[in-house]
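1. mind folding the following:
(one chain, ligands or ions: 4)
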Amino acid sequence: MADSRRMRPTDLHDINADLHCHSVISDGTLSPEAVVERAHRNGVDILALTDHDELGGLVAAAARAQALGLAFVPGVEVSVTWANETIHIVGLRVDPHHAGLARGLDRTRNGRDGRAREIAAQLADVGIPDAYEGALKYAGNPELISRSHFARYIVETGTCASVHEVFERFLIEGKPGFIPHRWARLADAVGWICEAGGTAVMAHPGRYALGELAMDQLIREFCDAGGSGIEVVSGSHAPGQSERFVTMAQHYGLNASRGSDFHGPNESRHDLGSMPPLPRSVTPVWHHWPEAHALERR
Ligand code: AMP
Ligand code: MN
Ligand code: MN
Ligand code: MN
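-> Numbers count the residues shown, from 1 in each chain. Ligands and ions are numbered 1, 2, ... in the order given. This next block holds a predicted model:
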């Protein structure tokens with residue numbers, strides 16, 4: 001059921017696609033259904049839910065989207081370790097029931113609990129006791145206890161005023177509560193996404209502490225593994241960063257994606273569907289998607 005009050009997008013670039021966000025199935029604060037409802041209210045035309053290393057919210061989100069007449073794309077954000085850096089790869093239009101992808105993600109999630117206990121031990125040493133139990137309280141999915149859940153607990157204790165402040169003082173390399181972890185291999189993550197029928201997208205490239213040579217190597221390996229997209233417009237980028245990734249998308253022949261990386265109303269700088277449009281000089285990842293062409297016909 002299409003909402004006739006909405007303006008019909010006249011061009012692929014005008015489609016309000018939000019292809020990166022989280023629910024309580026990973027480290028977001030809203031249920032998958034509430035994410036979909038909020039996206040619909042905000043005027044999103046195509047939504048992808050991309051929980052970290054999890055497919056568990058996709059069926060409920062798709063059902064809610066269908067009831068609202070919102071085009072929904074099943075997605076995931078896979079944690080990868082590449083050259084000792086954590087890199088995130090978004091998978092879009094994946095089959096939410098694909099056994100190989102599910103198995104790969106299962107393996108990737110494995111170890112989060114042990115890591116969480118080590119994080120808690122370090123936090124206890126700096127005067128923040130019981131952080132494992134505290135973080136777990138915020139985790140909608142006990143298999144996916146993440147630094148975001150620790151950050152919320154640390155705010156609750158009054159040690160920091162915001163999640164942002166927590167990530168300046170704790171949980172990052174060189175600060176208490178940082179436990180290095182080995183996630184999936186780049187080629188494996190891209191392979192699982194492609195085998196599940198999806199498109200692999202380099203998430204928020206502006207967040208990686210990589211020099212130009214290393215970034216070039218990363219993108220080349222990503223392309224060789226079958227990756228075909230890059231987030232040009234991301235809620236996890238600083239203003240003005242997208243120019244560099246426009247050039248990169250053109251240079252490597254990658255399609256461009258757009259996503260808020262929304263985690264919750266009180267935490268995220270950018271709400272669902274609120275990002276600037278993709279520049280006309282790049283090809284949107286959705287250029288050949290039936291979900292996009294159905295919008296133009298609506
Ligand atoms: P994890 O997968 O457990 O290492 O947690 C990573 C998550 O922490 C990311 O997906 C973000 O949601 C959050 N995060 C990481 N760095 C920051 C930061 N500087 N500010 C706010 N959230 C962050
Ligand atoms: Mn997150
Ligand atoms: Mn990410
Ligand atoms: Mn994300």
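
2. buried ones in the longest strand seen in the chain?
-> Looking across the chain with DSSP state E, the single longest strand is strand 71-82. Buried residues in strand 71-82, counted by 16 or more other CB atoms under 10 Å: 71-82. No exception for glycine: its C-beta is placed from N, CA and C like everyone else's.

3. now do that strand: which elements does it pack against?
-> Judged by 3 or more CB pairs under 8 Å, 6 or more residues apart in numbering; DSSP states H and E, strand 71-82 is in contact with strand 46-49, helix 58-68, strand 85-92, helix 99-109, helix 186-195, helix 290-297.

4. ok, which of the ones you listed comes nearest ligand 3?
-> Among the helices and strands packed on strand 71-82, the nearest to ligand 3 by CB to the ion is strand 85-92 (3.7 Å).

5. worst mean pLDDT among the helices and strands packed on strand 71-82?
-> Note on those: lowest mean pLDDT is at helix 290-297, with a mean of 86.

6. what's in contact with that one?
-> 8-9, 12, 15, 17, 45-46, 71-73, 284, 286 (CB atoms under 8 Å, 6 or more residues apart in numbering).

7. around ligand 4, which positions in the chain sit nearby?
-> 77, 261 (CB under 5 Å from the ion).

8. how about the residue of the stretch 101-250 of the chain found nearest ligand 4, phi and psi?
-> Minimum separation of the stretch 101-250 of the chain from ligand 4 (CB to the ion) falls at residue 203, amounting to 6.3 Å. Reported as degrees, to the nearest 10, the phi and psi values for residue 203 are phi -80, psi 150.

9. any idea how far whichever residue of the stretch 151-298 of the chain sits closest to ligand 3 is from ligand 1?
-> The stretch 151-298 of the chain approaches ligand 3 most closely through residue 203 (4.9 Å), counting by CB to the ion. Residue 203 sits 9 Å away from ligand 1 when distances are taken as CB to the nearest ligand atom, to the nearest Å.

10. that residue contacts residue 89, correct?
-> Yes - here residue 203 reaches residue 89: they are 6.3 Å apart, a contact under CB atoms under 8 Å.

11. which residues do the two both contact?
-> If you check residue 203 and residue 89 against CB under 8 Å, 6+ apart, the residues they both contact are residue 77.

12. can you pull the pLDDT of the closest residue to residue 140 other than its chain neighbours?
-> With CB to CB, 6 or more residues apart in numbering as the measure, residue 24 is the residue that lies nearest to residue 140, at 2.9 Å, once sequence neighbours are left out. Here the pLDDT value assigned to residue 24 is 98.

13. tally of neighbours for residue 24?
-> Neighbour count of residue 24, defined by other CB atoms under 10 Å: 21.

14. distance of residue 237 relative to residue 250?
-> 17 Å (CB to CB, to the nearest Å).

15. the two: which is more packed in?
-> residue 237 (20 against 13).

16. might one say that the more buried one is in contact with residue 230?
-> No - Residue 237 is not in contact with residue 230 according to CB under 8 Å; the separation is 11.6 Å.

17. shared neighbours of the two, which are they?
-> The contact lists of residue 237 and residue 230 share residue 245, where a contact means CB under 8 Å, 6+ apart.

18. ligand 3 contacts on the stretch 151-298 of the chain?
-> Residues of the stretch 151-298 of the chain lying near ligand 3 (CB under 5 Å from the ion): residue 203.

19. all strands of the stretch 151-298 of the chain, in order?
-> 199-202, 229-234, 255-259 (DSSP state E, counting those that start in this stretch).

20. surely residue 231 touches residue 246?
-> No - using CB under 8 Å, residue 231 makes no contact with residue 246, being 11.4 Å away.

21. ok and the residue in the stretch 1-150 of the chain nearest ligand 4?
-> residue 77 (4.8 Å).

22. what's the separation between that residue and residue 130?
-> 29 Å.

23. near ligand 1, which residues of the stretch 151-298 of the chain are found?
-> Applying CB under 6 Å from any ligand atom, we find that the stretch 151-298 of the chain lies next to ligand 1 at 163-164, 167, 263.

24. what's the ChimeraX syntax to select whichever of those are buried?
-> Here is the ChimeraX command that picks out the buried ones among those, judged by 16+ other CB under 10 Å:
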select :163,167,263
